[in-house]
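*Asks:* I would like to see how this sequence folds:
(one chain, ligands or ions: 2)
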Amino acid sequence: MHSSICFIGAGNMAQSLIGGLIASGYDKQKISATDPTESQRNSVTQTFGIQCFADNAQAINQADIVVLAVKPQTLESVCESISDSVQTNTPLIISVAAGIRSDDINRWLGGQTAIVRTMPNTPALIQTGATGLFANSFVTTEQQSQAEHILRAAGITVWVDEEAKLDAVTALSGSGPAYYFLFMEAMEQTAQQLGLDEKTAHLLALQTALGSAKMALESHLDCATLRKNVTSPNGTTERAIQSFENAGLREIVENAMKAAQNRAVELADELGGKA
Ligand SMILES: NC(=O)C1=CN([C@@H]2O[C@H](COP(=O)(O)OP(=O)(O)OC[C@H]3O[C@@H](n4cnc5c(N)ncnc54)[C@H](O)[C@@H]3O)[C@@H](O)[C@H]2O)C=CC1
Ligand SMILES: O=C(O)[C@@H]1CCC=N1
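*Replies:* Ligands and ions are numbered 1, 2, ... in the order given. As a prediction, the model looks like this:
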(Lines give C-alpha, C1' and ligand atoms only; values in the text may rest on other atoms or scores of the structure.)
(Ligands and ions follow the chains in the order given, each with its own letter.)
Protein backbone atom coordinates (compact mmCIF):
# COMPACT_ATOMS: atom_id res chain seq x y z
CA MET A 1 0.00 0.00 0.00
CA HIS A 2 1.24 3.48 -0.87
CA SER A 3 2.18 5.96 1.86
CA SER A 4 0.16 9.18 1.89
CA ILE A 5 2.14 12.13 0.55
CA CYS A 6 1.34 15.80 0.94
CA PHE A 7 3.12 18.40 -1.20
CA ILE A 8 3.43 21.81 0.46
CA GLY A 9 3.47 24.22 -2.49
CA ALA A 10 1.89 23.06 -5.75
CA GLY A 11 4.10 24.89 -8.25
CA ASN A 12 6.34 23.72 -11.09
CA MET A 13 8.49 21.23 -9.19
CA ALA A 14 5.65 19.75 -7.15
CA GLN A 15 3.54 19.29 -10.28
CA SER A 16 6.42 17.59 -12.08
CA LEU A 17 6.81 15.13 -9.20
CA ILE A 18 3.05 14.60 -8.84
CA GLY A 19 2.78 13.93 -12.59
CA GLY A 20 5.68 11.47 -12.44
CA LEU A 21 4.24 9.65 -9.43
CA ILE A 22 0.80 9.31 -11.02
CA ALA A 23 2.28 8.15 -14.33
CA SER A 24 4.18 5.46 -12.42
CA GLY A 25 0.92 4.12 -10.97
CA TYR A 26 0.99 5.79 -7.53
CA ASP A 27 -2.47 5.85 -5.96
CA LYS A 28 -3.91 9.38 -6.57
CA GLN A 29 -6.00 9.12 -3.42
CA LYS A 30 -2.74 9.04 -1.47
CA ILE A 31 -1.41 12.28 -2.96
CA SER A 32 -2.49 15.75 -1.85
CA ALA A 33 -1.08 19.25 -2.14
CA THR A 34 -1.42 22.66 -0.54
CA ASP A 35 -1.14 26.11 -2.06
CA PRO A 36 -2.37 29.54 -0.95
CA THR A 37 -3.40 30.44 -4.52
CA GLU A 38 -6.92 29.26 -5.34
CA SER A 39 -6.36 29.16 -9.11
CA GLN A 40 -3.27 27.01 -8.55
CA ARG A 41 -5.21 24.57 -6.38
CA ASN A 42 -8.02 24.32 -8.94
CA SER A 43 -5.62 23.78 -11.80
CA VAL A 44 -3.71 21.03 -9.94
CA THR A 45 -6.95 19.26 -8.98
CA GLN A 46 -8.15 19.47 -12.56
CA THR A 47 -4.88 18.28 -14.11
CA PHE A 48 -4.02 15.48 -11.70
CA GLY A 49 -7.30 14.66 -9.94
CA ILE A 50 -5.76 15.04 -6.47
CA GLN A 51 -7.10 16.93 -3.45
CA CYS A 52 -5.68 20.38 -2.73
CA PHE A 53 -5.89 22.40 0.47
CA ALA A 54 -5.21 25.98 1.54
CA ASP A 55 -4.21 25.13 5.10
CA ASN A 56 -0.75 23.53 5.39
CA ALA A 57 -0.98 22.36 9.00
CA GLN A 58 -4.39 20.73 8.50
CA ALA A 59 -3.35 19.05 5.23
CA ILE A 60 -0.31 17.32 6.67
CA ASN A 61 -2.15 15.77 9.63
CA GLN A 62 -2.84 12.56 7.72
CA ALA A 63 0.43 12.46 5.76
CA ASP A 64 3.18 9.86 6.17
CA ILE A 65 5.44 11.95 3.94
CA VAL A 66 5.52 15.73 3.56
CA VAL A 67 7.29 17.19 0.53
CA LEU A 68 8.41 20.79 1.03
CA ALA A 69 8.13 22.31 -2.45
CA VAL A 70 7.96 26.05 -1.80
CA LYS A 71 10.58 28.62 -2.79
CA PRO A 72 13.64 28.71 -0.49
CA GLN A 73 12.60 32.22 0.63
CA THR A 74 9.25 30.87 1.92
CA LEU A 75 10.57 27.72 3.56
CA GLU A 76 11.28 29.04 7.07
CA SER A 77 7.77 30.44 7.57
CA VAL A 78 6.18 27.32 6.08
CA CYS A 79 8.21 25.06 8.40
CA GLU A 80 7.27 27.12 11.43
CA SER A 81 3.60 26.97 10.45
CA ILE A 82 3.64 23.14 10.32
CA SER A 83 6.12 22.42 13.13
CA ASP A 84 3.47 21.49 15.74
CA SER A 85 1.86 19.00 13.40
CA VAL A 86 5.28 17.60 12.38
CA GLN A 87 6.28 17.12 16.01
CA THR A 88 2.98 15.33 16.76
CA ASN A 89 2.67 13.16 13.65
CA THR A 90 6.40 12.72 12.80
CA PRO A 91 6.08 12.33 9.01
CA LEU A 92 9.16 11.88 6.85
CA ILE A 93 10.08 15.29 5.44
CA ILE A 94 11.40 15.54 1.89
CA SER A 95 12.70 18.97 0.87
CA VAL A 96 13.27 19.91 -2.76
CA ALA A 97 14.38 23.48 -1.97
CA ALA A 98 17.63 24.64 -3.56
CA GLY A 99 20.40 25.45 -1.13
CA ILE A 100 18.59 25.22 2.19
CA ARG A 101 20.45 22.87 4.54
CA SER A 102 18.75 20.05 6.43
CA ASP A 103 20.01 21.44 9.78
CA ASP A 104 18.11 24.67 9.18
CA ILE A 105 14.95 22.83 8.12
CA ASN A 106 15.26 20.60 11.19
CA ARG A 107 15.59 23.62 13.48
CA TRP A 108 12.60 25.39 11.88
CA LEU A 109 10.51 22.23 12.30
CA GLY A 110 11.32 21.98 16.00
CA GLY A 111 14.22 19.48 15.93
CA GLN A 112 14.69 15.69 15.80
CA THR A 113 13.01 15.55 12.37
CA ALA A 114 13.73 12.92 9.72
CA ILE A 115 14.63 14.93 6.62
CA VAL A 116 15.68 13.76 3.20
CA ARG A 117 17.00 16.78 1.31
CA THR A 118 16.72 16.28 -2.44
CA MET A 119 17.44 18.05 -5.68
CA PRO A 120 15.10 16.79 -8.41
CA ASN A 121 14.45 18.36 -11.82
CA THR A 122 11.34 19.10 -13.87
CA PRO A 123 11.69 16.21 -16.38
CA ALA A 124 10.30 14.24 -13.40
CA LEU A 125 6.95 15.06 -15.01
CA ILE A 126 7.66 12.54 -17.76
CA GLN A 127 9.52 10.13 -15.47
CA THR A 128 12.87 11.17 -16.93
CA GLY A 129 13.99 13.17 -13.92
CA ALA A 130 17.30 13.01 -12.10
CA THR A 131 17.38 13.48 -8.34
CA GLY A 132 20.20 13.78 -5.83
CA LEU A 133 19.32 12.80 -2.25
CA PHE A 134 20.86 13.25 1.20
CA ALA A 135 19.45 11.88 4.47
CA ASN A 136 19.98 13.57 7.83
CA SER A 137 20.84 11.51 10.92
CA PHE A 138 17.18 11.09 12.00
CA VAL A 139 16.20 9.23 8.82
CA THR A 140 15.75 5.46 9.27
CA THR A 141 16.78 2.93 6.64
CA GLU A 142 13.10 2.30 5.93
CA GLN A 143 12.44 6.02 5.43
CA GLN A 144 15.48 6.21 3.15
CA SER A 145 13.95 3.51 0.91
CA GLN A 146 10.56 5.28 1.05
CA ALA A 147 12.14 8.53 -0.21
CA GLU A 148 14.06 6.71 -2.89
CA HIS A 149 10.93 4.84 -4.01
CA ILE A 150 9.05 8.12 -4.45
CA LEU A 151 11.78 9.94 -6.33
CA ARG A 152 12.53 6.87 -8.43
CA ALA A 153 8.97 7.02 -9.74
CA ALA A 154 10.07 10.26 -11.37
CA GLY A 155 13.38 9.09 -12.84
CA ILE A 156 16.86 8.15 -11.65
CA THR A 157 18.13 8.75 -8.11
CA VAL A 158 21.62 9.25 -6.73
CA TRP A 159 22.48 9.47 -3.00
CA VAL A 160 25.31 11.83 -2.08
CA ASP A 161 27.54 11.15 0.93
CA GLU A 162 27.97 14.85 1.87
CA GLU A 163 25.16 17.38 1.91
CA ALA A 164 27.30 20.05 0.21
CA LYS A 165 27.40 17.87 -2.90
CA LEU A 166 23.70 18.60 -3.43
CA ASP A 167 24.73 22.12 -4.46
CA ALA A 168 26.82 20.58 -7.24
CA VAL A 169 23.84 18.40 -8.19
CA THR A 170 21.75 21.60 -8.32
CA ALA A 171 24.25 23.21 -10.70
CA LEU A 172 24.28 20.10 -12.89
CA SER A 173 20.89 18.37 -13.06
CA GLY A 174 18.64 20.65 -10.96
CA SER A 175 19.17 23.72 -13.12
CA GLY A 176 20.47 21.70 -16.09
CA PRO A 177 17.20 21.35 -18.00
CA ALA A 178 17.19 25.15 -18.40
CA TYR A 179 20.66 25.06 -19.97
CA TYR A 180 19.52 22.51 -22.56
CA PHE A 181 16.30 24.44 -23.22
CA LEU A 182 18.41 27.57 -23.82
CA PHE A 183 20.68 25.67 -26.20
CA MET A 184 17.69 24.24 -28.08
CA GLU A 185 16.11 27.71 -28.26
CA ALA A 186 19.31 29.12 -29.76
CA MET A 187 19.61 26.27 -32.26
CA GLU A 188 15.98 26.69 -33.34
CA GLN A 189 16.40 30.45 -33.82
CA THR A 190 19.53 30.03 -35.90
CA ALA A 191 17.99 27.26 -38.01
CA GLN A 192 15.25 29.72 -38.95
CA GLN A 193 17.85 32.29 -39.97
CA LEU A 194 19.37 29.55 -42.12
CA GLY A 195 16.05 29.14 -43.94
CA LEU A 196 14.05 26.43 -42.11
CA ASP A 197 10.48 27.11 -41.04
CA GLU A 198 9.71 27.33 -37.30
CA LYS A 199 8.05 23.92 -37.01
CA THR A 200 10.83 22.08 -38.82
CA ALA A 201 13.52 23.91 -36.82
CA HIS A 202 11.75 23.03 -33.55
CA LEU A 203 11.31 19.37 -34.41
CA LEU A 204 14.85 18.82 -35.63
CA ALA A 205 16.43 20.69 -32.69
CA LEU A 206 14.50 18.65 -30.11
CA GLN A 207 14.92 15.28 -31.81
CA THR A 208 18.67 15.94 -32.07
CA ALA A 209 18.90 16.67 -28.33
CA LEU A 210 16.88 13.55 -27.51
CA GLY A 211 18.88 11.35 -29.87
CA SER A 212 22.20 12.60 -28.55
CA ALA A 213 21.29 12.07 -24.89
CA LYS A 214 19.77 8.64 -25.57
CA MET A 215 22.76 7.57 -27.64
CA ALA A 216 25.22 8.74 -24.97
CA LEU A 217 23.23 6.90 -22.27
CA GLU A 218 23.12 3.68 -24.26
CA SER A 219 26.66 3.78 -25.61
CA HIS A 220 29.79 2.36 -24.03
CA LEU A 221 31.65 5.32 -25.56
CA ASP A 222 32.21 8.59 -23.69
CA CYS A 223 30.80 11.93 -24.86
CA ALA A 224 34.15 13.12 -26.27
CA THR A 225 34.42 10.00 -28.49
CA LEU A 226 30.81 10.28 -29.63
CA ARG A 227 31.48 13.93 -30.54
CA LYS A 228 34.61 12.97 -32.49
CA ASN A 229 32.58 10.34 -34.37
CA VAL A 230 30.33 13.11 -35.74
CA THR A 231 33.27 15.33 -36.62
CA SER A 232 34.70 14.49 -40.06
CA PRO A 233 38.17 15.93 -40.73
CA ASN A 234 37.76 19.26 -42.47
CA GLY A 235 33.99 18.80 -42.50
CA THR A 236 31.04 20.88 -41.30
CA THR A 237 30.97 19.81 -37.64
CA GLU A 238 34.67 20.62 -37.24
CA ARG A 239 33.99 24.22 -38.26
CA ALA A 240 31.14 24.51 -35.76
CA ILE A 241 33.11 22.91 -32.93
CA GLN A 242 36.09 25.17 -33.64
CA SER A 243 33.74 28.14 -33.45
CA PHE A 244 32.42 26.95 -30.04
CA GLU A 245 35.94 26.28 -28.70
CA ASN A 246 37.26 29.64 -29.95
CA ALA A 247 34.36 31.37 -28.20
CA GLY A 248 35.34 29.62 -24.94
CA LEU A 249 32.29 27.37 -24.59
CA ARG A 250 33.94 25.15 -21.93
CA GLU A 251 34.79 28.18 -19.79
CA ILE A 252 31.30 29.60 -20.32
CA VAL A 253 29.78 26.33 -19.04
CA GLU A 254 32.25 26.20 -16.12
CA ASN A 255 31.42 29.77 -15.08
CA ALA A 256 27.67 29.20 -15.37
CA MET A 257 27.66 26.02 -13.28
CA LYS A 258 29.92 27.55 -10.63
CA ALA A 259 27.56 30.55 -10.48
CA ALA A 260 24.61 28.19 -9.88
CA GLN A 261 26.49 26.30 -7.16
CA ASN A 262 27.58 29.56 -5.49
CA ARG A 263 24.00 30.80 -5.53
CA ALA A 264 22.87 27.63 -3.72
CA VAL A 265 25.46 28.28 -0.99
CA GLU A 266 24.46 31.96 -0.86
CA LEU A 267 20.77 31.05 -0.48
CA ALA A 268 21.63 28.76 2.45
CA ASP A 269 23.72 31.46 4.14
CA GLU A 270 21.14 34.21 3.50
CA LEU A 271 18.08 32.22 4.56
CA GLY A 272 19.45 29.73 7.09
CA GLY A 273 22.36 29.62 9.52
CA LYS A 274 25.98 29.92 8.30
CA ALA A 275 27.54 26.51 7.52
N1 LIG B 1 11.60 24.50 -10.87
C2 LIG B 1 12.62 23.66 -10.87
O3 LIG B 1 13.15 23.27 -11.93
C4 LIG B 1 13.18 23.14 -9.58
C5 LIG B 1 12.80 23.68 -8.37
N6 LIG B 1 13.32 23.20 -7.20
C7 LIG B 1 12.91 23.77 -5.93
O8 LIG B 1 11.52 23.58 -5.81
C9 LIG B 1 10.96 24.60 -4.98
C10 LIG B 1 9.75 25.18 -5.68
O11 LIG B 1 10.17 25.75 -6.91
P12 LIG B 1 9.14 25.91 -8.10
O13 LIG B 1 8.19 24.78 -8.10
O14 LIG B 1 9.94 26.18 -9.29
O15 LIG B 1 8.39 27.25 -7.63
P16 LIG B 1 6.88 27.69 -7.91
O17 LIG B 1 6.81 29.14 -7.62
O18 LIG B 1 6.43 27.18 -9.23
O19 LIG B 1 6.07 26.89 -6.77
C20 LIG B 1 6.02 27.27 -5.43
C21 LIG B 1 4.55 27.19 -4.99
O22 LIG B 1 4.50 27.40 -3.60
C23 LIG B 1 3.30 28.10 -3.33
N24 LIG B 1 3.39 28.71 -2.01
C25 LIG B 1 3.83 29.96 -1.67
N26 LIG B 1 3.70 30.15 -0.33
C27 LIG B 1 3.19 28.99 0.17
C28 LIG B 1 2.83 28.57 1.48
N29 LIG B 1 2.97 29.37 2.53
N30 LIG B 1 2.33 27.33 1.64
C31 LIG B 1 2.18 26.49 0.59
N32 LIG B 1 2.50 26.84 -0.70
C33 LIG B 1 2.99 28.07 -0.88
C34 LIG B 1 3.19 29.09 -4.46
O35 LIG B 1 1.87 29.59 -4.61
C36 LIG B 1 3.66 28.24 -5.65
O37 LIG B 1 2.56 27.62 -6.30
C38 LIG B 1 12.06 25.63 -4.76
O39 LIG B 1 12.52 25.53 -3.45
C40 LIG B 1 13.13 25.26 -5.77
O41 LIG B 1 14.42 25.53 -5.29
C42 LIG B 1 14.18 22.14 -7.19
C43 LIG B 1 14.57 21.56 -8.35
C44 LIG B 1 14.16 22.05 -9.64
O1 LIG C 1 16.47 27.96 -10.15
C2 LIG C 1 16.28 27.45 -9.05
O3 LIG C 1 16.64 28.05 -8.02
C4 LIG C 1 15.66 26.08 -8.95
C5 LIG C 1 16.59 25.10 -8.33
C6 LIG C 1 17.06 24.21 -9.44
C7 LIG C 1 16.19 24.56 -10.55
N8 LIG C 1 15.41 25.56 -10.26
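*Asks:* quick check, stretch 115-124 touching ligand 1?
*Replies:* Yes: Stretch 115-124 is in contact with ligand 1 by Cβ under 6 Å from any ligand atom, via M119, P120, N121, T122. Backbone N, C-alpha and C define where each C-beta goes, glycine included.
*Asks:* neighbours of the third one, just the number please.
*Replies:* Using other Cβ atoms under 10 Å, N121 has 25 neighbouring residues.
*Asks:* who are the contact partners of it?
*Replies:* S16, G129, A130, T131, G155, S173, G174, G176, P177 (Cβ atoms under 8 Å, 6 or more residues apart in numbering).
*Asks:* which residue is the nearest non-sequential neighbour of V139?
*Replies:* A114 (4.5 Å; Cβ to Cβ, 6 or more residues apart in numbering).
*Asks:* just G11 next, same as before
*Replies:* Going by Cβ to Cβ, 6+ apart, G11 has A69 as its nearest residue, at 6.7 Å.
*Asks:* for the residue nearest to V139, list the residues it contacts.
*Replies:* Applying Cβ under 8 Å, 6+ apart to A114 gives the contacts T90, L92, I93, A135, N136, F138, V139, T140, Q143.
*Asks:* so what touches stretch 255-271?
*Replies:* Contacts of stretch 255-271 (Cβ under 8 Å, 6+ apart): 72-73, 75-76, 98-101, 104, 166-168, 170-172, 174-175, 179, 275.
*Asks:* can you confirm whether that stretch lies near ligand 1?
*Replies:* No: judged by Cβ under 6 Å from any ligand atom, stretch 255-271 stays clear of ligand 1, getting no closer than 8.2 Å.
*Asks:* check whether that stretch comes near ligand 2.
*Replies:* No: Stretch 255-271 does not reach ligand 2 (Cβ under 6 Å from any ligand atom); its nearest approach is 7.2 Å.
*Asks:* buried stuff in that stretch?
*Replies:* Judged by neighbour count using 16 or more other Cβ atoms under 10 Å, the buried positions of stretch 255-271 are M257, A260, Q261, R263, A264, L267, A268, L271.
*Asks:* cool, stretch 52-59 as well?
*Replies:* Going by neighbour count (16+ other Cβ under 10 Å), the buried part of stretch 52-59 is C52, F53, N56, A59.
*Asks:* what's the mean pLDDT across that stretch?
*Replies:* Here stretch 52-59 scores 93 as its mean pLDDT.
*Asks:* pull the residues that contact that stretch.
*Replies:* Identification of contacts with stretch 52-59 by Cβ under 8 Å, 6+ apart yields 6, 8, 10, 32-36, 38, 40-42, 44-45, 78, 81-82, 84-85.
*Asks:* anything in stretch 20-34 near ligand 1?
*Replies:* Yes: Stretch 20-34 reaches ligand 1 (Cβ under 6 Å from any ligand atom) through T34.
*Asks:* tell me how far that stretch is from the chain's mean position?
*Replies:* Distance of stretch 20-34 from the chain centroid (Cα atoms, centre = their mean, to the nearest Å) equals 17 Å.
*Asks:* alongside ligand 2, which residues does the protein contribute?
*Replies:* Applying Cβ under 6 Å from any ligand atom, we find that the chain lies next to ligand 2 at A98, T170, G174, S175.
*Asks:* hey, where'd the strands end up in the stretch 101-250 of the chain?
*Replies:* 115-119, 129-135, 155-159 (DSSP state E, counting those that start in this stretch).
*Asks:* so which of these is the most packed in?
*Replies:* Highest mean neighbour count among the strands of the stretch 101-250 of the chain (mean count of other Cβ atoms under 10 Å): strand 115-119, with a mean of 26.
*Asks:* what mean pLDDT does that strand have?
*Replies:* 98.
*Asks:* can you give the strand pairings for it, parallel or anti for each?
*Replies:* strand 92-95 (parallel), strand 129-135 (antiparallel) (DSSP bridges).
*Asks:* just want the angle from it to strand 155-159.
*Replies:* Per axes from the mean of the first three to the mean of the last three Cα atoms, to 10 degrees, the angle that strand 115-119 makes with strand 155-159 is 120 degrees.
*Asks:* pull the residues that contact strand 115-119.
*Replies:* By Cβ under 8 Å, 6+ apart, the residues outside strand 115-119 that reach it are 92-96, 98, 100-102, 105-106, 109, 131-136, 138-139, 143-144, 147, 151, 163, 166, 169-170, 173-174.
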